[in-house]
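Participant: A predicted structure for the sequence below; I have some questions about it.
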Amino acid sequence: MQIDFVTPRLAVAGQLGLDDIAALEENGFRSLICNRPDDEEPGQPAWSAIEAAAKAAGLETRYIPVGGGMTAELQAGAFADALSGLPEPVLAFCRTGNRSRQLAELVRSAPIGPGGTARHSVVIVGGGSAGIATAASMIRRRPGLDIAIVEPSAVHFYQPGWTMVGGGVFTLDQTARPMAEVMPGGVKWIRSGAAGFDPENKTVHLDGGGEVGYDVLVVAVGNRLAWEEITGLEEALGRNGVTSNYRYDLAPYTWRLVQQIKSGRALFTQPPMPIKCAGAPQKAMYLSCSEWEKAGHLGSIEVEFHNAGSVLFGVPDYVPALMETVDRYGIGLNFGSNLVAVDGPAREATFRTESGEVTRRFDMLHVCPPQKGHPLVAASDLADEAGYVDIDQATMRHTRYPDVFALGDCGNTANAKTAAAARKQAPVVAVNVLAALAGREPEAGYDGYGSCPLTVERGKIVLAEFAYGGKVSPTLPKWLINGTKPSRLAWHLKADALPPIYWHGMLKGREWLVNPMPLY
């Protein structure tokens, strides 16, 4: 008999025999659910006999068959009701365990219907990098903790990989996995969008009219890409040479354009801060130039970088290496130049500058969109004036609601909005949420760490790592990787090591090199 735990309170197994019941009792199981119809195949033990043996051993039982017209979807409600009333831990079984596992997944992801309510010790809104990592870190520290994640999406994306897709290094499928696959075991997945926050009543309102209450709330909804703020951009994207690595479906188009263009003008844009990964617009530009250089076309392509800001990169230590890259590729730098309109069919981009509006023709236009606070946050009492969650820079706790925390791109901490930052923040939030549940003050602090692996060419990276105030904060010793210089080892870190660290480390609660620091 092989038993697999789906959550700390629920396990699944294949067909049981009468001689397995004693082992269940010895292993501490208190309840048994049968998901296999009787007489499914010759010689199958009858449920009545197994049930009698289970009851004699002190186990409670339920018969919820899947098969013979009763699908897992139809039985999910009965399965959920059974789990809510049975003593734990519970073992569910069928012929192979697959139907029982499917029921468990359906129950974990079941939406809360109109007018329905639920309550959990911890509610995390957002199933992106920050939300999943925080849940996994909490489960590692306290198995069995009652956590729910509110997330409507069926797919989880590794967004840092989209730059590499746009550079022809990764394929698109390397950056996406089913949400059910990354959802931490033991966490309740509420597959619904959030409709609003009510921190006074400790409630999250859901799409469709349901609501979920909490003891502690973690907001991890990300920010909003405001494509509509650039006139004509939404209609132009994906055609006429207009692209963006900030969208999953457009990153392959970036690579296709890079391969097709052999002469002309390529424009790369960066809007005002804050944005997700301030180096991403440059990464797209440098990888494109590297490919054109390799193909012998760079001399025939006029490359321009239009940056709404006043500096190439916000941490001065990394600027010399980036300027060498700019000079190598012959890139024209335009500071204080903010993209405001795109005419796709005419292939024209209009920029607002101090001296007025300037229109440039293009053969390729890579756009980094303006970014705003998430509308759910901006419309709530959790927001600061800019629409981001107003949190303490060290503890990640809300400045006015002590039972609310936030991390990732939705918070107003003064760090770079990167996956590396979320990876460092997640253990801090996990520790402080557990402290809050126990009635204690926050115990861990975040130092503002963020990282931006600047892909200056295919095969080399300037590994920018920094904390609050632009303080250089390298993870590895300088003799191994000098982050202020292009490095092949840093490239292998980005291309080969970081994806598995993300999927199998960060999202699993493994806090390699990001152990939370004590607050005091």
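Facilitator: Everything's here; your move. Numbering: from 1, shown residues only.
Participant: State which helix of the protein is the longest.
Facilitator: Taking DSSP state H as the criterion, the chain has its longest helix at helix 419-437.
Participant: Remind me what it packs against, helices and strands.
Facilitator: When contacts are defined as 3 or more C-beta pairs under 8 Å, 6 or more residues apart in numbering; DSSP states H and E, helix 419-437 packs onto strand 117-125, helix 129-141, strand 211-219, strand 404-406, strand 444-445, strand 450-457. Any C-beta I mention is one placed from the backbone N, CA and C, and that applies to glycine too.
Participant: contacts for the shortest one?
Facilitator: This points to strand 444-445. With contact meaning C-beta atoms under 8 Å, 6 or more residues apart in numbering, strand 444-445 is reached by 394-395, 427-428, 431-432, 516-519.
Participant: quick one, phi/psi of Thr269?
Facilitator: Backbone torsions of Thr269, given as degrees, to the nearest 10, read phi -120, psi 150.
Participant: Kindly apply the preceding question to Ala195 instead.
Facilitator: Per-residue torsions, Ala195: phi -110, psi -10 (degrees, to the nearest 10).
Participant: correct me, but it touches Val221?
Facilitator: No: using C-beta atoms under 8 Å, Ala195 is not in contact with Val221; the gap is 11.9 Å.
Participant: of those two, who's got more company?
Facilitator: Val221 (27 against 16; other C-beta atoms under 10 Å).
Participant: on that earlier part again, if we go by neighbour counts, what in the longest helix of the chain is buried?
Facilitator: Neighbour-count burial for helix 419-437 flags 419-437 (criterion: 16 or more other C-beta atoms under 10 Å).
Participant: got it, and stretch 374-384?
Facilitator: The neighbour-count check on stretch 374-384 (16+ other C-beta under 10 Å) flags 374, 376-378, 380, 382-383 as buried.
Participant: what's the closest of those to Leu86?
Facilitator: Closest approach between those and Leu86, by C-beta to C-beta: Leu376, at 35.6 Å.
Participant: hmm, who's touching the helix or strand of the chain with the lowest mean pLDDT?
Facilitator: In the chain, no helix or strand scores lower on mean pLDDT, DSSP states H and E than helix 72-85, which sits at a mean of 80. If you take C-beta under 8 Å, 6+ apart as the criterion, helix 72-85 is touched by 9-10, 33, 35, 62, 64-66, 90, 92, 99, 102-104, 106-107, 110.
Participant: and Tyr248, how far is that from Gly126?
Facilitator: 17 Å (C-beta to C-beta, to the nearest Å).
Participant: quick one, which of those two is more surrounded?
Facilitator: Taking other C-beta under 10 Å, Tyr248 and Gly126 do not tie; Gly126 has more neighbours (26 against 16).
Participant: Skipping its backbone neighbours, what lies nearest that one in space?
Facilitator: In space, and not counting its chain neighbours, Gly126 is closest to Ala220: 3.6 Å by C-beta to C-beta, 6 or more residues apart in numbering.
Participant: Now do the one you found: how many residues are near it, please.
Facilitator: Neighbour number of Ala220 under other C-beta under 10 Å is 32.
Participant: What distance do you get for it to Ser310?
Facilitator: Counting by C-beta to C-beta, the gap from Ala220 to Ser310 is 31 Å.
Participant: Equivalent analysis for Ala57, please.
Facilitator: For Ala57 relative to Ser310 (C-beta to C-beta), the value is 74 Å.
Participant: cool, Ala422 as well?
Facilitator: 27 Å.
Participant: repeat for Ile3
Facilitator: Going from Ile3 to Ser310 by C-beta to C-beta gives 61 Å.
Participant: same check, this time on Asp215
Facilitator: Taking C-beta to C-beta, one finds Asp215 at 45 Å from Ser310.
Participant: can you check Leu507 too?
Facilitator: 37 Å.
Participant: what does Gly209 give?
Facilitator: From Gly209 to Ser310 the distance is 48 Å (C-beta to C-beta).
Participant: Look at those two and report which has more neighbours.
Facilitator: Counted by other C-beta under 10 Å, Gly209 and Ser310 do not tie: Gly209 has more neighbours, with 12 against 7.
Participant: secondary structure element for that one?
Facilitator: Assigned by DSSP states H and E, Gly209 falls within no helix or strand.
Participant: how much space between Ala176 and Gly193?
Facilitator: In this structure, Ala176 and Gly193 are 19 Å apart, going by C-beta to C-beta.
Participant: Apologies, that question was intended for Ala72.
Facilitator: Ala72 sits at a distance of 24 Å from Gly193 (criterion: C-beta to C-beta).
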